[in-house]
Each structure stands twice: as structure tokens, then as C-alpha cells.
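>>> sequence unknown, structure follows:
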Ligand SMILES: Cc1ncc(COP(=O)(O)O)c(C=O)c1O
């Protein structure tokens, strides 16, 4: 069993994907080719955002966004403490300082209250707080309206890290089209993934969009006239062709993912595990999740036992994430600056001991899901 079976997906759309790749090669249309423009137009329409800019990865997209928003050395940006490293890494890589907020134990996302607390911590230190990156973790947006309101009142920019949530709906709007600026990733395992690295920045402001277009291409707006120091962070045309081919099936895949989520939920409920030993993913009424992961919670101590038991039966699982960011070795320096320590972010720390992501993708079969749930039941009941 595969954790995410990308081969099955490729086999389903092989002809279309192969044709698109061949087309790029036949036309030698390699750098910022027509498929990049085509994908930008298609995805900006889909999410309802004015500008979309193809970039080399989600991480680069975050860095370009922060750079274009004017982040300077020593500026502070608040991120959730429970996320993939890239969210905060992008801030540090530009010389900024990430500060952290705790999460909602049900959705694993930043809460407005936790954000307010984080703002107070930074302001007490009299550090220049510039913005917030709110992550739509596991495929579901946080309380974005409330978070946006706080950011407006506090004069902070707000970036949606939508690297796991492209296609998710929030109060009738789309992830990547809710905030002034958002970034997604086309890493192969993402709900909309390519065959390598890639990403896209979505935004509403013309000037910042022009800046990001220049920054992703060595700071040039016209050939060999470099107005600023940029980098090479262009979306590869072959990746754009693959993503565009897969995008035709994306809505259908989202339905399949939703169906697979319900099947897991029902199986856990049928075994009576849902209320006692296992906490299922929680999706809020006013939004949808693209289920980048199907992540359950199993009490501290038991989770690792279940993971090992499944591995012995050749069932792969993953822990997203083992450590909250304030306990990552690379962010040790922040502990002194903000007095962070173990026990500081209780919900995130608890989640790190309890989360377990199960095999999940658009092509997973109910039999495979049943095998995974059976194995979890056996592991828990034999205790
Ligand atoms: C929440 C989050 N932010 C940022 C990234 C970085 O994206 P990429 O791998 O495309 O650089 C990822 C992807 O793994 C992610 O999950």
C-alpha cells in the first residue's frame, strides 16, 4: 500500500499528461512558456483572484511574497507553531524573525485568540511586527475573516500559506482568493501536484504582482535590465503543462477525496473507535477541506504503538508534524528572544504527540482504507 499513490493517478491521465509534456518539448517552449501563462490564467479564474504568478516552489513563493511586501532584516512575522517548516523558514531566510501562535486542537489551524496572544508577545518586546502568515493546514482554511480583521486593525499584512489547501472553500470563496496574497505548492504529493517542484502566488495588487513577476526572474521587467536583486524562481514550463493537464480532473478528484474521507469516518464510527480512542478530522460547517492529509489523533503513547503496528503490516503512515516550530533546533535562538520553552504552546505540543496521517489520495480504494482501519482497531484492542 502506498501512502500517496501518484502512479495510479498518472496511469489515469497518462495520455493527456504525456501529450502536454511532448508539446513543450516539440515547441522548445521551456522557460516561462505558454503553459505557464495558461496555468496562471486558469488558476486565477478558478480561485477568483486577479493575478497568479507561477513560481519554482511554495517556499520560493512565500519568500517572493514576503520580499515584495517589503520585509526587512529584523522584521517579525507571526506564523502558526504547528506547520511545515517552510512557513517560518521563508521569514528567516529573508532575515526576518518568525514569532509563533498556538492552534485549534480540532482543525490544527491558528485561532484568532492565539494570534492576538502572539501579537501581544511581540509588541511587549517592542519588535517591529509586520505581518502574519496563516496556514490552511491539511487542506482547510482557518477562521480567515477573523484573522483578516485582526490584521487590518493591527496594520499587518496577511499571507495565506495555501500550500496544502488549493481548491478548498471558505464561506463560498476559494482558498488562494480570500486574502490579498496567498501561495500554493505543486509539490507532487499535494492535492494539485506536478512532477517536481512548483508553486503559485495569487494576489490582488497590481504593483506587488509586477514586483513578484520581476523578482522571480532575476529582478528584470525587460530583458537584461535588472531593477532589483531577484532570483531564479520561475515555474518550469513542463511542470505547468503537467499541472494544467491534471487540473482538468481536479474537481472530480476533490469529490473522490471527500468520498474517501467519509469512508474512513464511517469505518471508524462503525468500529466504535471514533468516540473512544481515535479523534477524526474536523471540518467546520462553513468550509470544505481538500484533505491534503487524512489525519487522526490517537492518545499520547498509543499513537507510536499504532504507527509501528501498521508499519509491520506494510501500511505506511506519517506524522505531520513531530515537533512544533519553537522546539526545532534551527529556531533555538527564538526561545531566548521570546522566552519560548517546552510547554508554551500546549495545543501544538499535544498534537505533535497524537497526530497520525493515514494513506490517502484520490485513487485509494475502500478495501485499502478498510485494511488500515482494521489494523488500527487490532492495534488498539490488543492493548
Ligand atoms: C504548509 C506548507 N507551507 C509551505 C510548503 C512549501 O512548499 P514547497 O514544498 O513547494 O516548497 C509546504 C509544502 O510542503 C507546506 O505544506
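Received it, and whenever you're ready, just let me know what you need. From a predicted model like this one, the values you see are computed outputs, not experimental measurements.
>>> from now on I want contacts and neighbour counts done on CA atoms only, so please keep to that.
OK.
>>> residue ranges for the helices of the stretch 51-200 of the chain, please.
Under the criterion DSSP state H, counting those that start in this stretch, the stretch 51-200 of the chain contains helices at 58-68, 86-93, 112-124, 144-154.
>>> run through who's touching the top strand by length along the chain.
Under DSSP state E, the strand in the chain containing the largest number of residues is strand 129-135. Contacts to strand 129-135, defined as CA atoms under 8 Å, 6 or more residues apart in numbering, come from residues 71, 75-80, 83, 87, 109-110, 119, 122-123, 141-142, 151, 155-162.
>>> from the middle of its chain, how far away would it be?
15 Å (CA atoms, centre = their mean, to the nearest Å).
>>> equivalent analysis for stretch 161-181, please.
Using CA atoms, centre = their mean, the offset of stretch 161-181 from its chain centre is 11 Å.
>>> please tell me I have it right and residue 136 contacts residue 166.
No - using CA atoms under 8 Å, residue 136 makes no contact with residue 166, being 9.2 Å away.
>>> just the contacts of strand 129-135 that are near the ligand?
Of the residues in the contacts of strand 129-135, proximity to the ligand by CA under 6 Å from any ligand atom holds for 83, 87, 161.
>>> still on that earlier bit, which of the contacts of strand 129-135 are buried?
Using 16 or more other CA atoms under 10 Å as the burial test, those include 71, 75-80, 83, 87, 109-110, 119, 122, 141-142, 151, 156-162 as buried.
>>> in the longest strand of the chain, what counts as buried?
Under the neighbour-count rule (16+ other CA under 10 Å), strand 129-135 has 129-135 buried.
>>> would you reformat the residues you listed as TSV and include distance to residue 354 and pLDDT?
Below are the buried residues of strand 129-135 laid out as TSV (distance: CA to CA, whole Å; pLDDT from 0 to 100):
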residue	distance to residue 354	pLDDT
129	32	98
130	33	98
131	30	98
132	26	99
133	24	99
134	22	98
135	20	98
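>>> between these, which sits nearest the ligand?
When these are ranked by distance to the ligand (CA to the nearest ligand atom), residue 135 comes first, at 6.0 Å.
>>> hey, what's that closest one bridged with?
Counting by DSSP bridges, residue 135 is bridged to residue 161.
>>> need the contact partners of stretch 270-289.
By CA under 8 Å, 6+ apart, stretch 270-289 touches 106-107, 138-141, 165, 168-172, 265, 268-269, 294-299, 377, 380.
>>> residue numbers of the chain in contact with the ligand?
Counting by CA under 6 Å from any ligand atom, the residues of the chain close to the ligand are 57-59, 83-84, 86-87, 135, 161, 163-164, 185-187, 197-199.
>>> and those residues, which are buried?
Looks like the residues of the chain next to the ligand have 57-59, 83-84, 86-87, 135, 161, 163-164, 185-187, 197-199 buried, using 16+ other CA under 10 Å.
>>> could you give the angle of the longest strand of the chain to helix 112-124?
For strand 129-135 against helix 112-124, the angle by axes from the mean of the first three to the mean of the last three CA atoms, to 10 degrees is 150 degrees.
>>> now strand 129-135 against helix 58-68, angle please.
Going by the same axes, to 10 degrees, strand 129-135 makes 160 degrees with helix 58-68.
>>> any idea of the mean pLDDT in whichever helix or strand residue 295 is part of?
With secondary structure defined by DSSP states H and E, residue 295 is part of strand 294-298. The average pLDDT for strand 294-298 rounds to 97.
>>> what residues of the helix or strand that that strand is followed by count as buried?
Sequence order places helix 302-312 as the next helix or strand after strand 294-298, per DSSP H and E. Going by neighbour count (16+ other CA under 10 Å), the buried part of helix 302-312 is 302-307, 309-310.
>>> domain assignment for this protein?
Annotated domains of the chain cover 6-101+109-247, 250-381 [automatic domain parsing].
>>> please identify the most buried of the ones you listed.
Ranked by mean neighbour count, the domains of the chain are led by domain 6-101+109-247 with a mean of 21 (mean count of other CA atoms under 10 Å).
>>> do you know how far the residue nearest to residue 203 when sequence neighbours are not counted is from the ligand?
Using CA to CA, 6 or more residues apart in numbering and skipping the chain neighbours, the partner closest in space to residue 203 is residue 181 (4.3 Å). Look at residue 181 and the ligand: by CA to the nearest ligand atom, to the nearest Å, they are 14 Å apart.
>>> contacting residues for residue 181?
With CA under 8 Å, 6+ apart, residue 181 has these contacts: 65, 158-160, 201-204.
>>> what is the nearest of those to residue 34?
When the contacts of residue 181 are ranked by distance to residue 34 (CA to CA), residue 201 comes first, at 17.6 Å.
>>> wasn't the closest one part of a helix?
No - checked against DSSP: H, G, I helix; E, B strand; the rest coil, residue 201 lies outside a helix; its state is strand.
>>> what's across from it in the sheet?
residue 53, residue 183.
>>> now do it against the ligand, distance only.
Counting by CA to the nearest ligand atom - residue 201 and the ligand are separated by 11 Å.
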